[in-house]
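*Asks:* Sequence and predicted structure, then a few things I'm wondering about:
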Amino acid sequence: MKILIKVNDNPLEWEKNMTIDTILKKMKYSFKMLVVKVNGELVKKSEFGNFIIPEEADVKVIHLISGG
Amino acid sequence: MNKYQNPYNPEKIKQAHKLLTEFKYELKPLEKGYANRTLHVHVGNNTIKSKPVTQEMKDVFTGGKGFDLKLLWDAVNKNTKWDSPENEIVIAAGAMGGITQYPGTGKSIVCGISPITEAPVDSNVGGYFGPYLKFSGWDAIEIQGIADKEVIVYIDGDNGIIQIFEAPEEAIDSHLIAEQMCDIFASNEQEKKNITTVSAGTASEHSFYGCLNFSFYDRRRKVARLKQAGRGGLGTLFRKKKIKALVCKFSKLNVNNNNVADLEAIKRISAEYHRELFENDDSQCDMRHVGTAHLVEIMDDYDLLPTHNYKFGKHEKTGKISSPVWREMFTQGIPDGCWYGCTMQCAKCVDGYTLRTGPYKGDIVSIDGPEYETAAAFGANMGIFDPHFIVEANFYCDTYGIDTISFGTAMAFVMECYENGILNKERTGGHELNFGCGEEAMEMLHQMAKGEDFGKTIGLGIHRLKKLFVKEFGADPQFLQDIGMECKGMEYSEYVTKESLAMQGGYGLALKGPQHDEAWLIFMDMVNNQIPTFADKAEALHYFPMFRTWFGLQGLCKLPWNDVEPPDNAETDEPAKVPKHVQNYVDIFNAVTGKNIDKKELILQSERVYNFQRIFNFRMGFGTREYDQIPYRSAGPVTIEEYLSREDRYDNQLRDKWNWDPTGKSVEERHQKTREFREDAYQKLCDAVYTRRGWDNNGVPTIEKIKSLGIDFPEVIEILENYFQGK
């Protein structure tokens, strides 16, 4: 059975050893000014490549405003 | 003589000047960011006078755009049209304008009754004019009247002299006249940095969306560079007044021309900011190397890059116009700030470019930009994925005095009309104006400058073109309304808003028209899902427009606020607001003025001016719900082709968001149902925003709201009482 996580309230299939960088790639989130929280806990940018996403995690990838 | 193939002779130009009037004034130090007087120049009857700035004016209108609007309100009446002699161009810096310690403090804000919207418009711009004007002793300048002959207005801030003189020999195109003014008013090369010029161009005279160019002399490149007050047709108004240039000379720049209350506090805050910027910009927006053009590929990635008149949000050729291309074309390693002290350095420049077309073909020029909006408009929206076309069109728009956003969006509209058979070669004077036709698009621009043929017609702007195409060519008015990306008469700037209801409001509910400087909410709304309810969106459409209005009151650039962020920003309660930088602004405002405002008072300062501008719109016959309505392409897919390009997304929304099962339904039915839901949602958004802003359900500020803001002047109250009594 597929295990899902939520990314900005959208379902995404969970994978073993999935990191935040994996999520950013899958979601095509190329913008750099991001704030990421996993289950409410802030994850620092330096940890995006090694923070392992738990099953059924609630991930918030907050894009800050730019442009204009 | 100079570097151009058709050189000009500054001495000959100068000898042709005929002085019409001269006004002398006392030079005085500023007081905590204010000159405490404004300058009124009437080019119709050649009078010049000084007006005092009262404490009430500072308390209520703060400065910058606030002063502009107050002065403009007093100058015009409800029957004033854009080309009426009493209409004005008003330019101001703002209390914080010109401080050289913090980045992004050199903005001028320009207001007038717009040729394109016929309502009050504001446009902000870099370059040296605003700060030099203030340091010369003036918080704002009003230019009223229409001159008989071509004139130049000259402010000598070194000696306290203002002159109006006839100027028959100067060029009209901006890249030339900006350099001519340096040659004429500077005694030597070293002095050219003390000269700043406001000018328009030959196409400004033949279109409704002419822009103003504000110059600053780049000592390293030895060229007068140009920044644009692009939106709203103020260049058209400038040329209507027969003004060739507005020039200011100021040679006494120092670290504290503003005579601030607490210089050390400003230095302390600024040093910390500069450190943040140097440490973080390369890994964030990379403004110092590519400027706002870094957004091209990001917008494409998120399906937000307007492509083929906003039909789509991405294109397979976007790589040809994305930031690596611009990084290569922009000269790197030369300071690029458009005002002193700005370490963001985002005013990028293409140097040594040999022009390939038009009257200046063969000349080698430096070209400011392109910025994101221009690259997106000319590249993706017109479907011309050619960086050389973009750079050349950018040059000609600037020197001809044309707003790149309005031109790009209007051309994209024309191209879609062409592809739908509304236009054809017979109607365009023999030109094939399909998406992607760069040579033809360039020719339209040159025609516009000459005031000839179909290029001149495109200069009418989308609002007028829609009526023309219905009348002359029998086009379907509903289709044109749906695809014509204008609101209030102004062309949209370059973001696809179909999937962000909040940003639809960000454009539609913006006071002057669909420019993103009030609010840019697409990420918060569409990507982050942070503002899911109408109330959430309305709150964002209250806070951000009010906060961002404040930049215009102060003479500030928005970019240093949130295009670089502190390393610990993520740990704050509201990272989208960049709280540390907001506090910087509060603290610097207090350090300049000696006041003691907080973040709430900052918003209140904006709210006063924002509501005043809304009532000003109403006074001029606009400013109600009717004028906040948007073209359907801003809200959803106009054509079946567009629907099918995002079919899964739209079908899922029908099912999940609106509980309407699309299974077995034809694409036409699904397309129509999507439209019904989306149009209804926009009306509900208007309701929510009006309520949050303290306006009635027609979008008019209530008398109670106006009184609470302290802008209940008799004239304002009279207007509102007449309206509410008539309901």
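*Replies:* It's in.

*Asks:* Where do the helices of chain A begin and end?
*Replies:* Ranges of helices within chain A are A:20-26, based on DSSP state H.

*Asks:* What ranges in it fall below the confidence cut-off?
*Replies:* By pLDDT under 70, the low-scoring segments of chain A are A:66-68.

*Asks:* What parts of it come near chain B?
*Replies:* Residues of chain A found near chain B (CB under 8 Å from any CB of the partner chain) are A:8-10, A:28-33, A:35-36, A:42, A:44-45, A:60-68. Where C-beta positions appear, they are placed from N, C-alpha and C, glycine not excepted.

*Asks:* So which of those belong to strands?
*Replies:* Under the assignment DSSP state E, the residues of chain A next to chain B contribute A:10, A:35, A:36, A:42, A:60, A:61, A:62, A:63 to strands.

*Asks:* so what's the last one bridging to?
*Replies:* Okay, so that is residue A:63. Under the criterion DSSP bridges, residue A:63 forms beta bridges with residue A:34.

*Asks:* for the fourth one, same thing?
*Replies:* Per DSSP bridges, residues listed as beta-bridge partners of residue A:42: residue A:37.

*Asks:* That one: neighbour count?
*Replies:* Neighbours of residue A:42 under the rule other CB atoms under 10 Å in any protein chain shown: 13.

*Asks:* ok, it touching residue B:573?
*Replies:* No - distance between residue A:42 and residue B:573: 11.6 Å, which falls outside the contact criterion (CB atoms under 8 Å).

*Asks:* Surely residue B:514 touches residue B:495?
*Replies:* No - applying CB under 8 Å, one finds residue B:514 not in contact with residue B:495, separated by 9.5 Å.

*Asks:* still on that earlier bit, just the buried residues from the ones in strands among the residues of chain A next to chain B, in ChimeraX please.
*Replies:* Buried members of those can be picked out in ChimeraX with the line below, counting by 16 or more other CB atoms under 10 Å in any protein chain shown:
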select /A:35,36,60,61,62,63
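
*Asks:* Return the two entries of the ones in strands among the residues of chain A next to chain B that lie farthest from one another.
*Replies:* When CB to CB is used, the two most widely separated members of those are A:10 and A:42, lying 20.2 Å apart.

*Asks:* For the stretch 601-727 of chain B, just list every one of the helices.
*Replies:* Secondary structure of the stretch 601-727 of chain B (DSSP state H, counting those that start in this stretch): helices at B:632-635, B:640-645, B:647-656, B:667-693, B:703-709, B:714-726.

*Asks:* of all the ones you listed, which lies closest to chain A?
*Replies:* Taking CB to the nearest CB, helix B:647-656 is the member of the helices of the stretch 601-727 of chain B nearest to chain A, at 10.7 Å.

*Asks:* Which residues are in contact with residue B:683?
*Replies:* Residues near residue B:683 by CB atoms under 8 Å, 6 or more residues apart in numbering or on different chains: none.

*Asks:* separation between it and residue B:657?
*Replies:* As judged by CB to CB, to the nearest Å, residue B:683 and residue B:657 stand 16 Å apart.

*Asks:* close to chain A, is the one helix or strand residue B:71 maps to?
*Replies:* Secondary structure from DSSP states H and E places residue B:71 in helix B:65-75. No - judged by CB under 8 Å from any CB, helix B:65-75 stays clear of chain A, getting no closer than 15.9 Å.

*Asks:* Doesn't residue B:51 belong to a strand?
*Replies:* Yes - counting by DSSP: H, G, I helix; E, B strand; the rest coil, residue B:51 falls inside a strand.

*Asks:* so who does it touch?
*Replies:* Residue B:51 touches B:37, B:38, B:39, B:40, counting by CB under 8 Å, 6+ apart.

*Asks:* Could you measure from it over to residue B:423?
*Replies:* Distance of residue B:51 to residue B:423, given as CB to CB: 49 Å.

*Asks:* Residue B:335 too?
*Replies:* Counting by CB to CB, the gap from residue B:335 to residue B:423 is 45 Å.

*Asks:* if you skip the residues just before and after it, what's nearest to the residue of the stretch 251-400 of chain B found nearest chain A?
*Replies:* Nearest residue of the stretch 251-400 of chain B to chain A: residue B:301, at 4.5 Å (CB to the nearest CB). Leaving aside its sequence neighbours, residue B:301 sits nearest to residue A:30 (CB to CB, 6 or more residues apart in numbering or on different chains; 4.5 Å).

*Asks:* what sits against the one you found?
*Replies:* By CB under 8 Å, 6+ apart, the contact list for residue A:30 reads A:24, B:297, B:298, B:301, B:302.

*Asks:* partners of the helix or strand following the helix holding residue B:71 in the sheet?
*Replies:* Next helix or strand after helix B:65-75 toward the C-terminus (DSSP H and E): strand B:88-92. Each strand paired with strand B:88-92, and its direction, by DSSP bridges: strand B:108-113 (antiparallel), strand B:140-144 (antiparallel).

*Asks:* what's in contact with the last one?
*Replies:* Residues lying outside strand B:140-144 but in contact with it, judged by CB under 8 Å, 6+ apart, are B:38-44, B:67-68, B:71-72, B:75, B:85-92, B:133, B:153, B:155, B:241, B:243, B:246.

*Asks:* Buried subset of those as a ChimeraX selection?
*Replies:* Selection of the buried residues among the contacts of strand B:140-144 in ChimeraX, burial being defined by 16+ other CB under 10 Å:
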select /B:38,39,40,41,42,43,67,68,71,72,75,86,87,88,89,90,91,92,133,153,155,241,243,246
